[in-house]
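*Asks:* sequence below, structure please.
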Amino acid sequence: MHLPGNQEAEIMSGKPKLYYFDGRGKMESIRWLLAAAGVEFEEEFLETREQYEKLLQDGFLLFQQVPLVEMDGMKMVQTRAILSYIAAKHNLYGKDLKERALIDMYAEGTTDLMVLIMMYPFLTPEDKEKQLATIIKKATQRYFPVYEKVLKGHGEDFLVGNQFSWADVQLLEAILMVEEKSSSVLADFPHLQAFKERISNITTIKNFLEPGSQRKPVPDERYVETVRRVLQMYHNMSASP
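*Replies:* Have a look, this model is predicted:
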């Protein structure tokens with residue numbers, strides 16, 4: 001959605017603005033990618049149902065969902081579209097179409113894993129126990145072996161084209177999320193251990209991992225209750241924002 005000329009020019013020269021909850025959810029990967037690219041951004045946190053309904057009434061949420069990112073004169077929705085745009089704009093999307101396809105595949109894999117973790121805070125205690133077992137099993141048997149094999153196979157520092165990309169950013173995010181659930185999860189993945197150390201020390205990433213950054217903490221009950229209230233999720237606990 002394009003805005004009127006003067007407003008568009010003003011926005012294009014300003015910082016991206018993120019509309020979401022004061023917590024991780026689907027916006028966290030967008031925060032990670034902007035931070036990795038060295039882009040400063042502003043945030044407006046959704047705390048009331050009225051804020052959310054105002055965004056709906058203004059026509060900014062095309063599919064009635066957040067995340068919403070305002071940047072370069074656009075009001076962008078759909079997490080994958082936003083991430084792809086940021087990656088392409090900031091040279092984090094490979095050198096050609098084939099590299100882009102690999103980055104997409106690897107990023108989709110880590111997204112599948114992270115969605116399991118995003119759902120976790122919204123589950124009942126009984127379901128949390130089952131979900132935790134699923135997270136660890138899929139991380140160690142389905143997802144991490146793929147990235148370990150890729151890194152071992154080409155012997156390079158990064159997943160694709162020996163160049164820092166969106167795929168690297170999102171893999172580190174996923175690793176750290178799983179480690180919060182099981183600190184020894186990388187025990188059998190030496191190449192991922194080295195990857196984690198290497199990527200964590202890239203200056204922009206290192207800054208994002210420092211206390212006081214815009215990285216959000218592990219979701220707590222306050223975050224869960226805010227999301228439920230704003231999105232009216234009380235009767236649909238299977239979904240996560």
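
*Asks:* tell me the helices and strands packed up against the longest helix belonging to the chain.
*Replies:* Ranked by number of residues, the top helix in the chain under DSSP state H is helix 97-119. Using 3 or more C-beta pairs under 8 Å, 6 or more residues apart in numbering; DSSP states H and E as the contact criterion, the elements in contact with helix 97-119 are helix 79-89, helix 125-138, helix 144-154, helix 166-181. Bear in mind the C-beta positions are built from the backbone N, C-alpha and C, glycine included.

*Asks:* in a markdown table, list those along with mean pLDDT, distance to residue 188 and mean neighbour count.
*Replies:* What follows is those, written out as a markdown table (pLDDT from 0 to 100; distance: least, C-beta to C-beta, whole Å; neighbours: other C-beta atoms under 10 Å):
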| stretch | mean pLDDT | distance to residue 188 | mean neighbour count |
| --- | --- | --- | --- |
| helix 79-89 | 96 | 29 | 19 |
| helix 125-138 | 94 | 12 | 13 |
| helix 144-154 | 96 | 8 | 16 |
| helix 166-181 | 97 | 13 | 22 |
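
*Asks:* same list (these) but as CSV, adding distance to residue 200.
*Replies:* Converted to CSV, those look like this (distance: least, C-beta to C-beta, whole Å):
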stretch, distance to residue 200
helix 79-89, 19
helix 125-138, 21
helix 144-154, 15
helix 166-181, 7
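
*Asks:* just tell me which of these ends up closest to residue 62.
*Replies:* Taking C-beta to C-beta as the measure, those were each checked against residue 62, and helix 79-89 came out nearest at 10.2 Å.

*Asks:* for the longest helix of the chain, what is the average pLDDT?
*Replies:* Mean pLDDT, helix 97-119: 96.

*Asks:* residue nearest the centroid of the chain?
*Replies:* The chain has residue 29 as the residue nearest its centroid, 1.5 Å off, counting by C-alpha atoms, centre = their mean.

*Asks:* quick one, which of the helices and strands packed on helix 97-119 gets closest to residue 71.
*Replies:* If we rank the helices and strands packed on helix 97-119 by C-beta to C-beta, the stretch that ends up nearest is helix 79-89, at 8.1 Å.

*Asks:* show me what that closest one packs onto, helices and strands only.
*Replies:* Counting contacts by 3+ C-beta pairs under 8 Å, 6+ apart, the secondary-structure elements packed against helix 79-89 are helix 28-36, helix 97-119, helix 166-181.

*Asks:* show me what counts as buried in the longest helix of the chain.
*Replies:* Using 16 or more other C-beta atoms under 10 Å as the burial criterion, the residues of helix 97-119 that qualify are 99-100, 102-104, 106-107, 109-111, 113-114, 116-119.

*Asks:* tell me the one among the residues you listed nearest to residue 126.
*Replies:* If you rank the buried residues of helix 97-119 by distance to residue 126 using C-beta to C-beta, residue 119 comes first, at 14.2 Å.

*Asks:* neighbours around residue 203, how many?
*Replies:* Residue 203 has 9 neighbouring residues, counting by other C-beta atoms under 10 Å.

*Asks:* brain fart, residue 184
*Replies:* Residues near residue 184, counting by other C-beta under 10 Å, number 8.
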